[in-house]
Each structure stands twice: as structure tokens, then as C-alpha cells.
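Engineer: The amino acid sequence is not available; the structure is as follows:
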């Protein structure tokens, strides 16, 4: 083990830029994924059969096809269907990153919407009925009675998915996005110090995951239901 | 007892981690009656899936088979990724690497090499209808290369402002060029031509920009300190040269009997540098 080489200025810069890209990928795909998940959950809750079928098909595709393949389909497949002008624009502005974010967000939207749905289903139907009979509208009942409980119930599962997404960003290396794993491979290629390089990368991922877990625990604690 | 066993186990683990607890490779091969040959199955015409026969074929595959035959053992072709191939040798998971491992000073500190079994030029290659005519025009453009390739560090000196994009495999790299995701590839000539050829009528034609990026010589990669194994390989390669089998191998995959019509510019078994 000779960690000094990896910490030399040149390689440190690569690791930092990789970390930056990893965080960018993670934050963007988390936000977009959450937004899409909410949209999906609402669409499915509407209970209109064709819409529900489409939602189910969407969720099943994203849950049952390996994430790497989904990424390839976005990067090489769907990209080739876009008009050339749009592709040229994307290629000049980091197509790897853009398509990785879209692929990860779509993937997480499917899984997160299922977590939302299970949170909603955990609330007994009678609560909705009781709220409505007290004079609350459907939206009011959702806003004041159902959702405040549902999201707290879904939180642990969503935290798990968030951690998973953080680590999933590493597969963007396969399409050339310059994130942490990509840079590690690059450094390893130049120095042939695979153990040293990946030890450092592992440590960074572990620290990131612990920070996320801590954040999740803090959110869970801060917003816990105080029953009187 | 327990403590002893624990101590033994941890010593073994430590030895494994350091990669020292191994007998010599040649004896290992004879003992298990099998040669484990690290190669790539996504690298035409070196090692690739022949869609007609559904078997892995290629120049390096034939080399591995000929070597196993000379040893009188079976051959196991083990697909190793370009990024993981040096660690695979260092950790002794393969007996040798036949995956176009070009000689470089950094690599030579980690692995030993046999003599040569190929030398050929590498170029920047672009689409036939690309407006690019010279290497200088690549300034500011995106250039694709396979992750783990020795070509990656050579691109910035050749074109300082280019953006290097590393892909996992040569087919991904080639596809990126086809789709215009990169303006050029830094690639081995035969590999680029084979991808173009095997793609059939669906792929866009490609050409090399004038000016060789580098001409490199590759040999088998083996674990350091295996002198006996190294000299066996060198004798084997030398025999290919004298018996004419080497020429036949070259003609079949790269030379006059192949679509690429390349000329041989090396002798089998000659020193790599």
C-alpha cells in the first residue's frame, strides 16, 4: 500500500472532480426521480384503468431490467432516435451526464412510487372515511390526515432507495461519465495501483453513505409524530 | 487449537493478499492439466464471438489454443475486462494474459512480458464523411477510447484541448463514434476495421487520420518473477516464427486471407522494446 501516490496533486484533482460529478449525478437524479415518483403515484391513485396499466408497465420495466441496460438504452438507444441537432447539443454539453441522470431518475421514480404507494396503503381506509365525514374535502383529507402519516411510513424505505441511488451513480462510468468510479479506474490505469485507488474510493463512498444515513435518521427523528 | 487455526487462516489470507503463496505457473498448469488464458471476447479479430458458429474465435484465441497444445493440456479461455486485466495477472487468477497488452514502463513494474506476437499502428479514426482531415483539427473535440487502454494517456500530449471519453468496451466506443457522441476514436487499426467489417452494411464507414498515434508491440502478460514460464513462452513464440505457423496465423486473421490485408512488421518472439 502506498497511498501517497494517489494523493499527489494530479490524482487528487481527478478524485475531487469525480466526487463532484458523483454528487451532481446523485442530487439531480434524486430530485428528478422524486418528482416523477410523485407524479406516478398520483396518476396511479386516480384509478383510471389505462393510466394504471401504463404506470404498472413503467414500474415493472424499471424494476426488472438491470439498471446498466436501462442506462445503455437511454445513452445509445433513445439518444439515436432524437433529431441530430438535439444530439449535437447534448454531446457538446456532456451527454453522458444528462442521459445518466435521466436513466437513474426514471429508475428511481419507479421504485420510489412503489414505496409511496405502500406508505399510502398502510393507512386504513376508515381514516379517509372518518376525515371526509368530519367535513374535509378529498384533497383536505389527503393533506391533513393521510399524507402526513404516509410519508413518514415510507421514509425508511425511501432512505434505503436514496442510499442505493448514491451507489448506483457508479455505473455511469460505463458510458464515460467522469464520476468517482470512472476517475478511480482512470487513476488505476495510469498508476496500476488498484488496491490503493479503490481503497480511497471505497472510503469516500462509505463516508457518503454514512452521511446520508445520518441525514435520514435526522429527518425521521425531527419529523416523528408526537402523539399526545 | 482454535487460536492456531485462526492464526493459520489469517496468515493464509495475508499471503493471498500479498500474492506470494504460489508455486510456479508452469507446474500449476501441468498439475491441473489446464491452461487458463485471460483474453477478451469483445475484441475482433483478436477474440470475439463468431455469430455463425456461436464460438469464441480470433487471433489470440488461436494463440492460446496453440500454446495449450504445445503444453499438452486443455485451454480455458477466461474473459477479463480491459480495466481489470493487470490485477488479474498480479493476483494469479490467469496463467497468462493474451489481450493485446502493449509494453509500457509503468506496466513493466507490475507484470512481466513474453516476446512479441503482434506489432501494429494505432490511429485517430473518424467517420468517412467527417470534415476532419488532420489530427490538429481534433482540438476541442471529444475523443473516445476504451477504459484501461494504454492509448488514453497518449491523447492529451497529441491533442491537448481534446476531451477524452472512456468507454467500458471497444463496441461501446465504436458505437459512440457511429452515433457522433465522439468525433474520433483513439484505436488499434485492426480493431477499428474489424468492428466496421463485422457491422456489415449498417455501420458508417471509418478512416484513419494521417499520422500514426503510436506503433506498439504486444506480448503475453504474466506474473512477475516467473522466469521459467517466461522462457517457455519465448521459445513457443520463436518456434511459431521458424515453423511458419506464425505467418499462417497472421495471414488468417490480419493478412492476405483476412479482409484487412495487413503486412507483418515484426518477428514472433522478438523483444518488446
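Structural biologist: Here it is on my side, so go on. As the structure is a prediction and not an experimental result, all values here were calculated from the model.
Engineer: Could you report the pLDDT at residue 22?
Structural biologist: Answering for chain A, as no chain was given. On pLDDT, residue A:22 comes in at 96.
Engineer: looking at chain B here, not the other one
Structural biologist: The model reports residue B:22 with a pLDDT of 53.
Engineer: Likewise for residue A:206?
Structural biologist: Reading off the model, residue A:206 has pLDDT 96.
Engineer: List the residues that contact the closest residue in space to residue A:14 that isn't next to it in sequence.
Structural biologist: Spatial nearest neighbour of residue A:14, excluding adjacent residues (C-beta to C-beta, 6 or more residues apart in numbering or on different chains): residue A:183 at 4.5 Å. Where C-beta positions appear, they are placed from N, C-alpha and C, glycine not excepted. Going by C-beta atoms under 8 Å, 6 or more residues apart in numbering or on different chains, residue A:183 touches A:14, A:15, A:17, A:18.
Engineer: Get me the contact residues on chain A for chain B.
Structural biologist: With C-beta under 8 Å from any C-beta of the partner chain as the criterion, chain A meets chain B at residues A:76, A:79-80, A:84, A:87-88, A:91, A:95-96, A:173-176, A:182, A:185-186, A:188-192, A:194.
Engineer: Please, a PyMOL command that selects the buried ones among those residues?
Structural biologist: Of those, the buried ones go into a single PyMOL selection, burial set by 16 or more other C-beta atoms under 10 Å in any protein chain shown:
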select buried, chain A and resi 76+79+87+91+95+96+173+174+175+176+182+185+186+188+189+190+191+192+194
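Engineer: I'd like to know how far residue A:146 sits from residue B:213.
Structural biologist: Between residue A:146 and residue B:213 the distance is 63 Å, computed by C-beta to C-beta, to the nearest Å.
Engineer: Buried ones among the contacts of residue A:183?
Structural biologist: For the contacts of residue A:183, buried by 16+ other C-beta under 10 Å: A:14, A:15, A:18.
Engineer: which SS state does the first one fall under?
Structural biologist: To tie it back to what came earlier, the one meant is residue A:14. In the three-state summary, residue A:14 is assigned as helix, counting by DSSP: H, G, I helix; E, B strand; the rest coil.
Engineer: Spatially nearest residue to residue B:134, not counting backbone neighbours?
Structural biologist: What sits nearest to residue B:134 in space, not counting adjacent residues and going by C-beta to C-beta, 6+ apart, is residue B:209, at 6.3 Å.
Engineer: show me the contacts for the residue lying closest to residue A:70 once chain neighbours are set aside.
Structural biologist: The spatial neighbour of residue A:70 that comes closest, neighbours along the chain excluded (C-beta to C-beta, 6+ apart), is residue A:103 at 5.2 Å. By C-beta under 8 Å, 6+ apart, the residues touching residue A:103 are A:67, A:70, A:71, A:73, A:74, A:75.
Engineer: Could you export the contacts of residue A:183 as TSV, including pLDDT?
Structural biologist: Rendered in TSV, the data for the contacts of residue A:183 read as follows (pLDDT from 0 to 100):
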residue	pLDDT
A:14	90
A:15	92
A:17	93
A:18	94
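Engineer: right, and out of these, which lies closest to residue B:113?
Structural biologist: Minimum distance to residue B:113 across those is 27.7 Å, recorded for residue A:14 (C-beta to C-beta).
Engineer: State the distance from that closest one to residue B:163.
Structural biologist: Distance from residue A:14 to residue B:163, counting by C-beta to C-beta: 14 Å.
Engineer: how about the residue of chain A found nearest chain B, phi and psi?
Structural biologist: Per C-beta to the nearest C-beta, residue A:176 is where chain A lies closest to chain B, at 4.0 Å. For residue A:176, the backbone dihedrals are phi 90, psi 20 (criterion: degrees, to the nearest 10).
Engineer: From residue B:125, how far out is it?
Structural biologist: The span separating residue A:176 from residue B:125 equals 17 Å under the rule C-beta to C-beta.
Engineer: cool, and residue A:149?
Structural biologist: Where residue B:125 is concerned, residue A:149 sits at a distance of 60 Å (C-beta to C-beta).
Engineer: So for the two, which sits in the more crowded spot?
Structural biologist: Neighbour tally, residue A:149 and residue B:125, criterion other C-beta atoms under 10 Å in any protein chain shown: the higher count belongs to residue B:125, 26 against 15.
Engineer: can you give me phi and psi for that one?
Structural biologist: Taking degrees, to the nearest 10, you get phi -120, psi 140 for the backbone angles of residue B:125.
Engineer: With residue B:226 instead?
Structural biologist: With angles defined as degrees, to the nearest 10, residue B:226 sits at phi -100, psi 70.
Engineer: returning to what we had before: neighbours of the residue nearest to residue B:134, how many?
Structural biologist: By the other C-beta under 10 Å criterion, the neighbourhood of residue B:209 contains 19 residues.
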